[in-house]
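1. sharing a model prediction with you, sequence too.
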Amino acid sequence: MKRIAQHHWLVAGLLLGIAQFGRGAEPMLNYGNGDWPVKGLGNVRARLRVSERAPAVWAHVPWRRRDAKPETIDTILVDASTGRRLTNVVRINISRESGDLLFQPVTAPGEYYLYYLPYGTAGEWYFPSTIYVAPTNRADAAWTAAQAATAQQIREGHAPGIPRAEVLEIQAINDFHRFDPMEITATVAELQQFTALYGNRPYLLFPEDRRYPIRMTDELPLRWLQAGPNHPFDGEACQGEFYAFQVGFCAGRQAIEHITVSFEDLVGENRARIPASALRCFNLTGTNWLGHPITQTVYVPTGKVQALWFGIAVPESAAPQTYRGAVSFSSTNAPATKLPLQINLTSSPM
C-alpha cells in the first residue's frame, strides 16, 4: 500500500485555458447508495452489468473523479453473485475523467462491482491516516497476452465489436460519502467550452442551496458549469426561520482582494419587505466569544473558490409570498457584481 499525498488543481488553469489532452465530454451517470463491508474496498463503487459471456468485456466508467492521481490507486472488481474478486482484469486507461478496464466475466449475464477507491488506515484510532491501496496485477499472463490487441484498440480509441459492460450506477455506502453533486468534476472538453464563454471575467459567482455545501476549493463542480455563473439565487424559507445559503466566489486571472457585500431589501407584493438589515454574510461580520462585533477581510487567491455563507433572519410577521432583492459584491481590485435573490416564503411549519 502507498500513502497518497493531497494534491490540488487550480481553477486558474481553467480560466487561462490551460488544459491537458482528454477524451472529450462524458455522459452523466446515475448515483445512489449501497451496502457493503468497507474494509479493504472503500466507500464508493460502480455497478456494472454484463449481458453475455465473452473471453473479455470492456468497461468504460466515466467516474469524474477529483483525486489527483487515480492511476496510483487500485481497482477491485467483484462478481456480485459470488462476492469473489476477479483476477483476469487489465487496467487500460485510468484518469480523473474515466477508467477503461478489460476483464473476463465469470458470471454472465450478471452484475459486477468495481471498487475504485479502496483504502486502509494507519496510525492511532483517534487520529488515523487514510492510505489508498496501490494497484496490483493478478491477471493470468496467457489471458493478458491474448487480449493485448484488444487492449491496444481500446487505448487508441477504435474498438468496434468489443463486448461492453453497462455502467448502471455509482454507489456510496451512505449519503455522507456520495460525490454527487458537489464533487462531480468536469471533463477537459467541458472546461474548455466554459473557458471560451467566461474566461475573461475577473471572478465568477455561483449561488448554491444550503443542501449542497461547497466541497471543492480548487476547481468547479460540473453542476456549476451546467448552470452557468452569476445566475439568480432561488430559495425557499419559512416564516421566522434563519435561512442560510451559499455563494461560491471563484477568482479567475487574479487574486480578488478585500471582498465586501451589501444587501437590498427583499420586496414582495403590497410593499411587504424583509429589510436588508436581516441579511448578513458570516465570512465578513459576526460576534466573537465575548459578544463583541467583529469584521473579517476576505481574500481569494488566483484560481481558488471561496464559499461565502449568508443568512436571512426571516421575520415571523413576514407574509408568505415571493420576495425579491439582491446582494452586491465588490472588492478593491475588481468591478462590482449584483446577484439577484428570490426567496419563496411559506408558512411556519406546525
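-> Here it is on my side, so go on. Numbering: from 1, shown residues only.
2. N270 should be in a helix, yeah?
-> Yes - checked against DSSP: H, G, I helix; E, B strand; the rest coil, N270 lies within a helix.
3. now it: how far from A319?
-> Distance, N270 to A319, by Cβ to Cβ, to the nearest Å: 8 Å. Where C-beta positions appear, they are placed from N, C-alpha and C, glycine not excepted.
4. who are the contact partners of D180?
-> Y31, I170 (Cβ atoms under 8 Å, 6 or more residues apart in numbering).
5. what's the pLDDT at it?
-> Confidence at D180, expressed as pLDDT, is 96.
6. element containing it, please.
-> Using DSSP states H and E, D180 sits in no helix or strand.
7. so where's the protein uncertain?
-> 1-27, 349-350 (pLDDT under 70).
8. in it, what residue sits furthest out from the centroid?
-> N270 (41.4 Å; Cα atoms, centre = their mean).
9. now the helix or strand containing Q306: buried residues?
-> Assigned by DSSP H and E, Q306 falls within strand 305-313. Residues of strand 305-313 classed as buried by neighbour count (16 or more other Cβ atoms under 10 Å): V305, Q306, A307, L308, W309, F310, G311, I312.
10. you'd agree S95 is up against P70?
-> Yes - counting by Cβ atoms under 8 Å, S95 does reach P70; the two are 6.5 Å apart.
11. all helices for the protein, in order.
-> Ranges of helices in the chain, per DSSP state H, are 11-15, 141-146, 148-156, 188-198, 222-227.
12. related to what we said a few turns ago, quick one, what contacts the residue farthest from the centre of the chain?
-> Applying Cβ under 8 Å, 6+ apart, no residues qualify as near N270.
13. could you do N344 as well?
-> Contacts of N344 (Cβ under 8 Å, 6+ apart): D234, G235, E236, A237, T322.
14. export those residues to a markdown table and tack on distance to H158?
-> Shown next, in a markdown table, are the contacts of N344 (distance: Cβ to Cβ, whole Å):
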| residue | distance to H158 |
| --- | --- |
| D234 | 45 |
| G235 | 48 |
| E236 | 50 |
| A237 | 54 |
| T322 | 54 |
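15. in strands only, show me the residues you listed.
-> Residues of those located in strands (DSSP state E): D234, G235, E236, A237, T322.
16. quickly list what the second one is bridged to.
-> Okay, so that is G235. I343 (DSSP bridges).
17. any idea which of the helices of the chain is most buried?
-> helix 11-15 (a mean of 21; mean count of other Cβ atoms under 10 Å).
18. which ones are touching I162?
-> Here I162 is in contact with A56, V57, W58, T150, Q153, I154 (Cβ under 8 Å, 6+ apart).
19. dump those to CSV, plus distance to F127.
-> Compiled in CSV, the contacts of I162 are given as follows (distance: Cβ to Cβ, whole Å):
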residue, distance to F127
A56, 44
V57, 42
W58, 42
T150, 46
Q153, 48
I154, 43
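20. leaving out sequence neighbours, find the closest residue to G34.
-> Excluding its sequence neighbours, the residue lying closest to G34 (Cβ to Cβ, 6 or more residues apart in numbering) is Q171, at 3.8 Å.
21. so what's that neighbour up against?
-> Per Cβ under 8 Å, 6+ apart, neighbours of Q171: Y31, G32, N33, G34, V44, R45, A46, R47.
22. tell me the one among the residues you listed nearest to N200.
-> Y31 (33.5 Å; Cβ to Cβ).
23. what's around the closest one, how many residues?
-> Y31 has 15 neighbouring residues, counting by other Cβ atoms under 10 Å.
24. mind listing what it touches?
-> Contacts for Y31 were tallied using Cβ under 8 Å, 6+ apart; they are E169, I170, Q171, A172, R178, F179, D180.
25. again with G34
-> Counting by Cβ under 8 Å, 6+ apart, the residues that G34 touches are R45, R47, Q171, A172, I173.
26. out of those residues, who has the most neighbours?
-> Going by other Cβ under 10 Å, R45 tops the contacts of G34 with 25 neighbours.
27. surely that one and P118 touch.
-> No - using Cβ under 8 Å, R45 makes no contact with P118, being 9.5 Å away.
28. which of the buried residues of strand 305-313 sits closest to A227?
-> Among the buried residues of strand 305-313, and counting by Cβ to Cβ, the member closest to A227 is V305, at 14.5 Å.
29. one step back: what's the closest of the helices of the chain to L86?
-> helix 141-146 (11.1 Å).
30. list of residues touching that closest one?
-> By Cβ under 8 Å, 6+ apart, helix 141-146 touches P55, N88, V90, Q104.
31. hmm, back to that, show me which of the contacts of N344 are buried.
-> G235, A237.
32. for the contacts of N344, which one is nearest R215?
-> Among the contacts of N344, and counting by Cβ to Cβ, the member closest to R215 is G235, at 19.5 Å.
33. separation between the closest one and P275?
-> For G235 relative to P275 (Cβ to Cβ), the value is 17 Å.
34. E111 too?
-> 57 Å.
35. who has more neighbours, those two?
-> Neighbour tally, E111 and P275, criterion other Cβ under 10 Å: the higher count belongs to E111, 16 against 13.
36. isn't the more buried one right up against A80?
-> Yes - here E111 lies in contact with A80, judged by Cβ under 8 Å, at a distance of 4.0 Å.
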